[in-house]
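[1] Okay, sequence plus prediction incoming.
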Amino acid sequence: MTTPTLLALVVSVPQKKMERDYEAAKAAAKRRESWWKARAKKRRNWLTRRWRVTKRGNPTIKADGYRIVVHRKAEDWSCTVYKDETH
């Protein structure tokens, strides 16, 4: 059995730390990429989402903890955004 030299110990410790840092950075990059892809998909599918109709006949949808209600106001359209407490 040979004993590792001092130089080998000094080199291997930072190398192991670099490997851990690299793996952590790689995992973080993968999470960011996944988040951006999900966000892009959400934006792409926004218009195809199913809107519900309220009792008063106004279209409504829940998104990201908010409820959006679109309603007719005279000749124009308007919308109201509520913080959705059930989300």
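    Received, thanks.
[2] surely residue 77 meets residue 69?
    No - counting by CB atoms under 8 Å, residue 77 does not reach residue 69; the two are 11.2 Å apart. Yep, even glycine has a C-beta here, placed from its N, CA and C like the rest.
[3] quick one: the spatially most central residue of the chain from residue 28, how far?
    For the chain, the residue sitting closest to the mean C-alpha position, by CA atoms, centre = their mean, is residue 35 at 4.2 Å. To residue 28, residue 35 is 11 Å away according to CB to CB, to the nearest Å.
[4] what do you get for residue 56?
    47 Å.
[5] one step back: more neighbours, residue 77 and residue 69?
    Per other CB atoms under 10 Å, whichever of residue 77 and residue 69 has more neighbours is residue 69, with 16 against 9.
[6] For that one, give me its contacts.
    54, 58, 59, 60, 79, 80, 81, 82 (CB atoms under 8 Å, 6 or more residues apart in numbering).
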